[in-house]
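Trainee: Give me coordinates for this.
(one chain, ligands or ions: 2)
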Amino acid sequence: MNYDHILVRYGELTLKTGNRNMFVNKLKSNIKNRLMPLQGYKVRANRDRMYIDVHEGADIEEMMSRIQTVFGVHSVSPVVRIDKEIDIMKEVAIKFAEDFKSGETFKIDVKRADKTFEYDTFELQQMLGGYVLQNTENINVNVKTPDHKIKVEVRKDAVYMYTRILEGEGGLPVGTGGKTLLMLSGGIDSPVAGMEVMKRGVTIEAIHFHSPPYTSDQAKQKVIDLTKQLAQLTGDIKLHIVPFTALQKQIHKVVEESFTMTSTRRMMLRVTEKVAHEIGALAIVNGENLGQVASQTLGSMYAINSVTSMPILRPLLTFDKEDIVKKAKQINTFDLSIQPFEDCCTIFTPKNPKTNPKLEKVEYFESKFDFGPLIDEAVANVETLTISKHDDLQKQEDNWMDDLL
Ligand code: ATP
Ligand code: MG
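Mentor: Ligands and ions are numbered 1, 2, ... in the order given. Below is the predicted model:
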């Protein structure tokens with residue numbers, strides 16, 4: 001079939017009547033971003049659907065599979081757009097039917113949005129169905145459970161015909177829900193947590209704690225690569241890398257060993273909150289999962305969480321690990337995450353971390369040293385990188401420039 005358009009449906013978006021324009025515009029620019037660097041199309045968006053006019057020769061299947069992964073897209077269909085003339089509709093119906101296998105059944109499914117069209121729904125079904133039956137062999141009509149539905153939408157501007165509906169990711173367009181700061185560790189969970197909140201429309205920046213020389217450049221590169229992979233879903237993402245060595249050393253000096261994990265998390269959170277304020281983020285996101293490890297029991301969360309009053313979003317809180325792994329594979333972060341480079345927490349992990357650390361005790365140990373200045377210093381020395389999904393291209397361009405200079 002020679003498709004000339006992709007129909008994009010928004011689903012949940014239609015509920016947001018108040019700021020629908022903003023949602024639609026954001027979705028449109030996210031789709032364009034996802035289609036880069038593909039060429040040969042034009043997007044026309046209106047309040048409840050989007051049409052992508054695909055020029056001849058462009059790879060429509062590749063375009064659709066990309067659009068399916070854009071948050072806010074409910075479904076997509078490859079469609080044929082034709083003039084509102086019954087003879088043309090008949091010919092297109094035949095073209096669809098030619099792809100059906102012998103013995104299969106079909107139904108003509110008409111949506112007549114233009115109530116002024118000369119034939120009503122019933123007449124169209126009869127005329128098109130009859131024509132297909134007369135001009136094909138070995139296929140039949142089945143109204144209740146057809147193998148194929150030939151969808152015919154009669155709208156004001158044209159008639160759209162299609163048979164396939166491909167499901168999209170759903171959710172809301174990234175960029176419509178404010179900004180969050182994602183604590184990105186290099187493990188399996190936190191990239192998935194980032195994806196989950198983006199799916200609800202929020203933008204993320206990422207923060208990573210590293211402790212050179214105890215953590216390697218490879219560990220840092222791994223987090224850069226993970227951020228780049230997340231950027232495939234959305235566009236550029238800022239990554240803030242925090243030098244954490246001095247704080248970690250100091251924690252191990254003054255805090256009893258079994259409480260160092262709790263204290264480490266509390267310091268991370270204090271730094272993260274400050275960076276969040278600086279960048280205008282309204283919430284912190286992490287990959288915590290209830291009961292998974294010592295630092296993620298309710299008791300630990302209580303002791304850790306008490307250093308901040310900022311909302312902490314934990315989208316994976318109740319997930320099973322297998323589900324997290326499955327999602328990590330879907331967004332291509334799994335293989336990056338399982339690379340063996342250790343991050344700052346693994347290296348300083350105590351032998352027997354408290355699973356139910358008492359807040360008063362942690363506070364007592366921490367009161368033996370004024371951590372404030374070290375936290376400020378860490379914030380002041382944050383290295384911020386802008387990670388683009390296209391940065392390979394940019395690098396190539398840079399090298400090319402180097403040759404000229
Ligand atoms: P992950 O797979 O995301 O590392 P995890 O199951 O290993 O999670 P923890 O190591 O206890 O769990 O970390 C819990 C959360 O704390 C992480 O999901 C992440 O959001 C945050 N976190 C841990 N280490 C770091 C780090 N070095 N930099 C930034 N955030 C971190
Ligand atoms: Mg981890």
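
Trainee: just the strands in the stretch 151-300 of the chain please.
Mentor: 159-162, 166-167, 179-183, 203-210, 237-243, 283-285 (DSSP state E, counting those that start in this stretch).

Trainee: next one: the longest helix along the chain to chain centre, how far?
Mentor: Scanning the chain for the longest helix, with DSSP state H as the assignment, gives helix 260-279. Its chain's average C-alpha position is 25 Å from that of helix 260-279, according to Cα atoms, centre = their mean, to the nearest Å.

Trainee: likewise stretch 273-280?
Mentor: 23 Å.

Trainee: ok, residues contacting that stretch?
Mentor: Around stretch 273-280, the neighbours that count as contacts under Cβ atoms under 8 Å, 6 or more residues apart in numbering are 179, 181, 205, 207, 238, 240, 242, 281-284, 307-308, 310, 375-376, 379, 382. Heads up, the C-betas are built off the backbone N, CA and C, glycines and all.

Trainee: again, only using 7 Å
Mentor: 179, 181, 205, 207, 240, 284, 308, 310, 375, 379, 382 (Cβ atoms under 7 Å, 6 or more residues apart in numbering).

Trainee: from those, which are also near ligand 2?
Mentor: Among the contacts of stretch 273-280, no residue lies close to ligand 2 (Cβ under 5 Å from the ion).

Trainee: so which two of these are the farthest from each other?
Mentor: Pairwise distances across the contacts of stretch 273-280 peak at 21.7 Å for Lys179 and Ile375 (criterion: Cβ to Cβ).

Trainee: So for the one residue in the chain that gets nearest to ligand 2, what's the pLDDT?
Mentor: Closest contact between the chain and ligand 2, by Cβ to the ion, is at Gly187 (3.3 Å). pLDDT for Gly187: 94.

Trainee: circling back: Lys179 and Ile375: who's more crowded?
Mentor: Neighbour tally, Lys179 and Ile375, criterion other Cβ atoms under 10 Å: the higher count belongs to Ile375, 19 against 16.

Trainee: Wait, the more buried one touches Arg270, no?
Mentor: Yes - shown here, Ile375 and Arg270 form a contact pair, counting by Cβ atoms under 7 Å, at 5.3 Å.

Trainee: Could you check how many residues crowd around Pro350?
Mentor: 17.

Trainee: Without its sequence neighbours, what residue ends up closest to it?
Mentor: Ranked by Cβ to Cβ, 6 or more residues apart in numbering and with sequence neighbours excluded, the top spatial neighbour of Pro350 is Glu257, at 4.7 Å.

Trainee: ok, the one you found to Glu196 distance?
Mentor: Distance of Glu257 to Glu196, given as Cβ to Cβ, to the nearest Å: 34 Å.

Trainee: Over to Arg49?
Mentor: In terms of Cβ to Cβ, Arg49 sits 26 Å off from Glu196.

Trainee: Output the below-cut-off pLDDT ranges for the stretch 1-150 of the chain.
Mentor: Low-confidence segments of the stretch 1-150 of the chain (pLDDT under 70): 12-17.

Trainee: ok, back up a step: could you dump the contacts of stretch 273-280 into a markdown table with distance to ligand 1 and pLDDT added?
Mentor: A markdown table is the format used below for the contacts of stretch 273-280 (distance: Cβ to the nearest ligand atom, whole Å; pLDDT from 0 to 100):
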| residue | distance to ligand 1 | pLDDT |
| --- | --- | --- |
| Lys179 | 17 | 97 |
| Leu181 | 10 | 98 |
| Glu205 | 12 | 98 |
| Ile207 | 6 | 98 |
| His240 | 10 | 98 |
| Ile284 | 9 | 98 |
| Thr308 | 13 | 97 |
| Met310 | 14 | 98 |
| Ile375 | 15 | 98 |
| Val379 | 14 | 98 |
| Val382 | 12 | 98 |
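
Trainee: The residue of the chain closest to ligand 2 reaches Ser337, doesn't it?
Mentor: Yes - Gly187 lies in contact with Ser337 (Cβ under 7 Å); the separation is 5.9 Å.

Trainee: Right, I'll call it a day here.
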